[in-house]
Every structure is written in structure tokens, then in C-alpha cells.
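Trainee: Build me a model from this:
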Amino acid sequence: MSASPLVIQLMRDLNTKQSQILEIGDSSNGKDADLLIANGREVTRIAAVSDLDKTSEGMFDAVYSIGALQHTLIKDTFGSIYRALKKKGLARLFLYTKTKTGGKWYHYWNGKQIKQYA
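Mentor: Below is the predicted model of the structure:
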């Protein structure tokens, strides 16, 4: 199993190799985190958004998740993700849900965009 396209795009989008990345869920059995670490990123992995605590506020350059958020309350989930991101942080989230635009399943958000849903 190779790394997901979402993680490869995330590495392209980050400006620096020394990035703090939060992975929520583990849909790749560690392959995505391994690739990020091999490319100089520091990765914190949690099973669920509920595992975030106050000490993680403003800590991450990016939050990444594939298929681990669709069973959560999006308002609460995005609020937690927004608080965990640094000011110019990125969120790369794949949700199993339909959107107003229809066919787009990959979502690339920045902190400001996440905040509007929080």
C-alpha cells in the first residue's frame, strides 16, 4: 500500500519540511505518517478528534484525515481542528459525504475556511 494522494499533495502545499502535522485516524496503516516522517515532518497521530486537548491549541501546521470524521458532529470537529491549527495552518480532510458542489471529495482548507464551519 502506498501513501495517499492527499498526503502527497499536503507535502507539496507545506512551505517547510520542518512541519508539525496532526493525523486523525489511521486509514493507511501508518504508510502516510511514515512518508511524512521520511520527508522531515513531525507527525502526531490520534485515533479521534475527541483525543485533542487544550494543550494542542495552535500547535499544528497541518491537520490531515481520511475517512475518520464523517461520524462526528462537524461543527464540533471543525472547531477542534481550527483551534489545533497554527494561524496559517492547512487542513487536508477527506470526508465520506456529498457536498453542495457534488463530485469533489477531497477538501483542501485553510484555517479561515475551517472556522466558518466551526
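
Trainee: roughly how far apart are Gly25 and Lys17?
Mentor: Gly25 sits 24 Å away from Lys17, going by CB to CB, to the nearest Å. Bear in mind the C-beta positions are built from the backbone N, C-alpha and C, glycine included.

Trainee: what kind of secondary structure is Lys88 in?
Mentor: Taken by DSSP: H, G, I helix; E, B strand; the rest coil, the conformation at Lys88 corresponds to strand.

Trainee: just to revisit the earlier point, neighbour count: Gly25 and Lys17, which is higher?
Mentor: The residue with more neighbours, out of Gly25 and Lys17, is Gly25; 17 against 10, by other CB atoms under 10 Å.

Trainee: how many neighbours does the nearest residue to Met11 once chain neighbours are set aside have?
Mentor: The spatially closest residue to Met11, leaving aside those adjacent along the chain, is Asn39, at 5.9 Å (CB to CB, 6 or more residues apart in numbering). Per other CB under 10 Å, the neighbour tally for Asn39 reads 14.

Trainee: Now do the phi/psi pair for Asn39.
Mentor: phi -100, psi 20 (degrees, to the nearest 10).

Trainee: Can you pull up the most central residue in this protein?
Mentor: What sits nearest the mean C-alpha location of the chain, by CA atoms, centre = their mean, is Tyr64, with 2.0 Å.
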